[in-house]
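Asks: Give me a 3D structure for the following:
(one chain, ligands or ions: 1)
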Amino acid sequence: MSDFEYEGLLDRARENIPEDISNRRRWRLPEPQILIEGSNTLFQNFNAVVAMMDRDDNHVYQFIQTELGTSASRDGPRVRFKGRIPPKRIRRTIVNYVNTYIKCNQCGAPDTHFIKEDRTTLLKCQACGATRPVKL
Ligand SMILES: [Zn+2]
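Replies: Just a heads-up that it's a prediction; the model follows:
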């Protein structure tokens with residue numbers, strides 16, 4: 001996936017947000033800064049990216065680690081992965097996370113949060129009110 005597609009996905013998410021919400025809260029994720037250091041890969045601005053997501057940082061961390069199929073460790077604001085991982089793979093896992101746990105399927109808005117209903121966790125959209133089940 002190219003940089004353009006990454007931006008495009010997020011742009012499309014924004015385009016679908018009703019005007020007032022879009023103006024009130026512009027949503028932009030920082031581009032992940034990836035540095036390959038020897039046989040490790042550093043996600044330099046992990047904390048900054050997660051801060052914009054409004055999600056539990058450990059959940060995002062675990063998700064990325066599982067998707068990449070490698071072990072990782074937290075290192076201050078950074079995450080260190082074992083192995084040399086192409087930046088585009090890391091970017092793709094972030095897009096996957098956004099699509100799975102943040103973006104509303106109905107209107108594309110990122111203004112969502114989790115709610116508990118019985119034993120199910122739902123993703124509820126503040127823009128259009130839609131809900132869908134998510135597996136945490
Ligand atoms: Zn929605």
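Asks: Quick one: name whatever helix or strand follows the worst-scoring helix or strand of the chain on mean pLDDT.
Replies: Lowest on mean pLDDT, DSSP states H and E among the helices and strands of the chain sits helix 19-24, with a mean of 47. Counting by DSSP states H and E, the next helix or strand C-terminal to helix 19-24 is strand 34-37.
Asks: That next one: which residues count as buried?
Replies: Neighbour-count burial for strand 34-37 flags I34 (criterion: 16 or more other C-beta atoms under 10 Å). All C-beta spots, glycine's among them, are computed from the backbone N, C-alpha and C.
Asks: what pairs with that strand, and is each one parallel or antiparallel?
Replies: Strand pairing for strand 34-37, determined by DSSP bridges: strand 40-43 (antiparallel).
Asks: just the strands in this structure please.
Replies: For the chain, the strands defined by DSSP state E cover 34-37, 40-43, 72-75, 78-82, 112-117, 120-125, 131-134.
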